[in-house]
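K.L.:
Would you be able to build a 3D model of this:
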Amino acid sequence: MLLERGRKVVTRSPHRRVGYISCPWLQEEQVEYESLLELNFARIALLCPGLVSIRSQPFVIELPGGAKYTPDFRLDFASKLAVIVEVKPSKFVRQHQEKLDAAAELLRSHGFTYLIATEEQIYKDGRDARASVYIRYARSHYADDVVRGALVKLQAQVSPGSLDKLAQCVGCPRELVLHLIGVRRLTVGPSLLPDQISFPSDLEELRNGDFCPASWLNN
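P.N.:
From the prediction side, this is the model:
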């Protein structure tokens, strides 16, 4: 059974990192997080192709036996796909496996895709650090005509290309290209390395291959 939206997330804690991520280029609602692992997941999720919204603790579900479960995030995509994500250290996944399996079964019966994200995916090969850079530059401000001019020039280049190559070809600062990645006017692959940058429209089918949400989020 799906119940009301989960509890208010952010409360002061001496034991964990809590706070909000503002992402006005995507949505008005801030993204709440209750741990450093959730913060780093949310930064990666904000870069996922096709994402149209992300909500923290979107609802509560009642599991067989009466236990209640609140997932960490709901991600909605332009393809109408809705992904529910549990962010949890791997050692606690094993500890709570039975409850998570029950939640997965119930959520899938309601049409959701269910993913568990651990440090093994989030921190793999420094993805979290690269996501942090892109989101930081996403908050930079550029005049609309500067952005439009850069995108027109970038469209004329052979895609995909590396960060330095695109910046040099267009004659714009690297920081502007990083900004365009952060606000998803440009797209990087699941590793988040800035060596194969392309336009979202260049991806023939975002639901297949490396760019489908499940593959992309889990790298």
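K.L.:
Quick one: the strands in this protein, in order.
P.N.:
19-21, 31-33, 51-56, 61-62, 68-69, 73-77, 82-87, 113-117 (DSSP state E).
K.L.:
May I see those strands organised as a markdown table, with mean pLDDT added?
P.N.:
Shown next, in a markdown table, are the strands of the chain (pLDDT from 0 to 100):
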| stretch | mean pLDDT |
| --- | --- |
| strand 19-21 | 95 |
| strand 31-33 | 96 |
| strand 51-56 | 96 |
| strand 61-62 | 92 |
| strand 68-69 | 94 |
| strand 73-77 | 96 |
| strand 82-87 | 96 |
| strand 113-117 | 95 |
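K.L.:
which of those is buried the deepest?
P.N.:
strand 31-33 (a mean of 23; mean count of other C-beta atoms under 10 Å). (Glycine included, C-beta is placed from N, CA and C.)
K.L.:
Reformat the strands of the chain as CSV; add distance to residue 174.
P.N.:
Output for these, formatted as CSV (distance: least, C-beta to C-beta, whole Å):
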stretch, distance to residue 174
strand 19-21, 23
strand 31-33, 26
strand 51-56, 24
strand 61-62, 44
strand 68-69, 43
strand 73-77, 29
strand 82-87, 31
strand 113-117, 29
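K.L.:
Check what contacts stretch 124-138 and list those residues.
P.N.:
21, 23, 25, 40, 43-44, 46-47, 121-122, 175, 178-179, 181-183, 188, 191-194, 219 (C-beta atoms under 8 Å, 6 or more residues apart in numbering).
K.L.:
Out of those residues, which end up buried?
P.N.:
Neighbour-count burial (16 or more other C-beta atoms under 10 Å) applied to these gives 21, 23, 40, 43-44, 46-47, 121-122, 178-179, 181-183, 188, 192, 194, 219.
K.L.:
quick one: which of those residues sit in helices?
P.N.:
Using DSSP state H, the subset of the buried ones among the contacts of stretch 124-138 located in helices is 40, 43, 44, 121, 122, 178, 179, 181, 182.
K.L.:
OK, contacts around the residue most central in space within the chain?
P.N.:
Taking C-alpha atoms, centre = their mean, the centroid of the chain lies closest to residue 45, which sits 0.4 Å from it. Each residue near residue 45 by C-beta under 8 Å, 6+ apart is listed here: 51, 54, 73, 75, 85, 217.
K.L.:
how far away is the second one from residue 23?
P.N.:
What it means is residue 54. The gap separating residue 54 from residue 23 is 8 Å, by C-beta to C-beta, to the nearest Å.
K.L.:
Now do the shared contacts for those two.
P.N.:
Counting by C-beta under 8 Å, 6+ apart, the residues touching both residue 54 and residue 23 are 31, 46.
K.L.:
Look up the closest residue to residue 185, ignoring the ones flanking it.
P.N.:
residue 151 (6.4 Å; C-beta to C-beta, 6 or more residues apart in numbering).
K.L.:
How confident is the prediction for the one you found, by pLDDT?
P.N.:
At residue 151, the model reports a pLDDT of 91.
K.L.:
Make residue 1 into 377 and carry on from there
P.N.:
Okay, residue one is now 377; in that scheme the one you just asked about reads as residue 527.
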